[in-house]
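Kindly return the folded structure for what I paste below:
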Amino acid sequence: MQSVNLFKARVCQFLAAAGIFTALSSGFAQDAAKDAGDWEWSKYGIVKTSNPAGIPAPRKEDWAVGCHKTNMASKANLQVLFLGDSICHQFQHQSGAKVWSEFCAPLGAFAFAVPGDKTQNVLWRITAGGELDEINPKVLVILIGINNLYGTSDSAGDVAKGITAIVNYARTKLPDTKILLLGVFPCFSVDSTGTVKAQAANAIIAKLHDSKQVFFLDIGDRFIEPDKSISKEKLKDGLHPTEKGYRIWAEAMRPYLDDLLNNNGAGDVWKNAGLKTIAAAGAKPEAKTDDKNLLKNGSLDQGDGTFIPGWIFSKWQLKEGSPESKAVEWGIVKEADGNKCLKLATTGPAKTYIWFQQEIMCDPAQTYSLSFRSKATGTASYGCLFYLIDKDGHWIGTPENITVELYGEWKTWTAKTTTPENAIKLGVRIGARFEDKAELFFDNIVLNKE
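Coordinates of the predicted model:
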């Protein structure tokens, strides 16, 4: 269509230059108007695109609809508006509530935030959803994009375009409002897909800073430890801040927010607001496994105690504080020969299932090979599986199980899988089912392309 329209434009230029600009040009103009008219979001100034991150899309879940209705009913006396996903939502309502009441509530702030939202969902909320209608906040704080960057196959460039569409619409809709655009925070680890793509997206949206209405601020480096890890003391699950993490956010943002509220953004504080290079936060520990390993911390030797970067852990049917819960132990340990590995253990009867997993962005129709070492003693059973996820975040087909037997000495297990055409993520999950006292050890988990 672009090439056709370009051709029409060149013909019109030629005819005009020749003095014979006829009704033909009028016909072309009508065609162009029709093309624009076919795009239902043109009335909001949204540029026509095939990029999912830039096409307004409503959420359909009842609870998400409920969050939107709450936002629509919370516009009174709104001075500072936060626009985002669960990270913003938990700031006001969950882990960050105490910090919010201290730093944000006195400013007349409210978070129009829906957990799980992507850029396209926020774009719908502020256009057809009407969340920016009939309000005039002094400052609009925008933090969005991580659910696109980590949870989908969207490229950093596509997500940056989605964020740009949000900023451009807000800039037009709220001409008297200062926009504080936050760089997307890191997640899980410095080298995770989400963090790497966030850095790339931030480098693009940082250029929206104009020192007049849009002000870019990157504080993501505040969540990175000197050794480049992400501590659960700051991001409880590698993604959402703890109370300490929200305090770090609030204290880092406050001087810039104050300058926008009281000085129209004219202060010198903005000299330090630009893009931060998270990779410069510290030196990367050397891994034991080979350089081609697609898994982060596959050697399971990085971390301290129960903090194990790169991996997500889950416990089934265990109530916190119960006797069975107290009988479960897991974390990084060092063996007599100095080898660091992961230990899962129960010190007494505890019927539970504990697993740890990691996901990577995968290629379609690609064969992947997995190997890992393990050893075990006691009464337990354990195994490993591959699972696949499509672009909508749904599991595809039946997980592929890999049987693993109990051995008292280290033994290496191997397996292969080939991804279907509609897979965008490949997951590796290793779990143990406990019945009584047992100890299991794991290390050197390696996932490669063949």
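
Going by C-alpha atoms from here, please, whenever you check contacts or count neighbours.
OK.

buried ones in whichever helix in the chain runs longest?
Counting by DSSP state H, the longest helix found in the chain is helix 243-263. By 16 or more other CA atoms under 10 Å, the buried positions in helix 243-263 come out as 243-250, 252-253, 256-257, 259-261.

Then stretch 367-375?
368, 370, 372-375.

Surely residue 294 is in contact with residue 360?
Yes. Counting by CA atoms under 8 Å, residue 294 does reach residue 360; the two are 7.3 Å apart.

Let's have the buried residues of stretch 367-375 in a markdown table, adding secondary structure and pLDDT.
Output for the buried residues of stretch 367-375, formatted as a markdown table (DSSP: H, G, I helix; E, B strand; the rest coil; pLDDT from 0 to 100):
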| residue | secondary structure | pLDDT |
| --- | --- | --- |
| 368 | strand | 92 |
| 370 | strand | 91 |
| 372 | strand | 90 |
| 373 | strand | 89 |
| 374 | strand | 89 |
| 375 | strand | 89 |
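
Name the nearest of those relative to residue 336.
Proximity of those to residue 336 (CA to CA) peaks at residue 375, which lies at 14.9 Å.

Mind listing residues that contact stretch 422-432?
With CA atoms under 8 Å, 6 or more residues apart in numbering as the contact definition, stretch 422-432 has outside contacts at 152-153, 344, 353-364, 380-391, 396, 419.

and the closest residue to residue 79 other than its chain neighbours, what is it in contact with?
Nearest residue to residue 79, sequence neighbours excluded (CA to CA, 6 or more residues apart in numbering): residue 137, at 4.3 Å. By CA under 8 Å, 6+ apart, the contact set of residue 137 is 78-81, 177.

cool, residue 198 as well?
The contact partners of residue 198, by CA under 8 Å, 6+ apart, come to 145-146, 149, 156, 183-186.

Sort out for me which of the residues you listed are in helices.
Reading helices off the contacts of residue 198 with DSSP H, I get 146, 149, 156.

thinking again about what came up before, closest to residue 207 among the contacts of residue 198?
residue 183 (11.3 Å).

tally of neighbours for the nearest residue in space to the closest one that is not next to it in sequence?
Excluding its sequence neighbours, the residue lying closest to residue 183 (CA to CA, 6+ apart) is residue 218, at 4.7 Å. By other CA atoms under 10 Å, 23 other residues sit near residue 218.

which SSE is residue 401 in?
According to DSSP states H and E, residue 401 maps onto strand 400-404.

Tell me how far the residue nearest the centre of the chain lies from residue 208.
By CA atoms, centre = their mean, the chain has its centre lying nearest to residue 146, at 2.6 Å. With distances taken as CA to CA, to the nearest Å, residue 146 is found 18 Å from residue 208.

One more: residue 90?
Taking CA to CA, one finds residue 90 at 27 Å from residue 208.

Likewise for residue 347?
From residue 347 to residue 208 the distance is 56 Å (CA to CA).

can you count the residues close to residue 448?
16.

For my notes, confirm it occurs in a strand.
Yes. According to DSSP: H, G, I helix; E, B strand; the rest coil, the state of residue 448 is that of a strand.

ok now do it, which residues does it touch?
So residue 448 contacts 292-294, 368-370 (CA under 8 Å, 6+ apart).

let's see 6 Å
Residues in contact with residue 448 (CA atoms under 6 Å, 6 or more residues apart in numbering) are 293-294, 368-369.

My guess is residue 141 contacts residue 82. True?
Yes. Residue 141 is within contact range of residue 82, at 4.6 Å (criterion: CA atoms under 6 Å).

show me what contacts residue 346?
327-329, 437-438 are the contacts of residue 346 under CA under 6 Å, 6+ apart.
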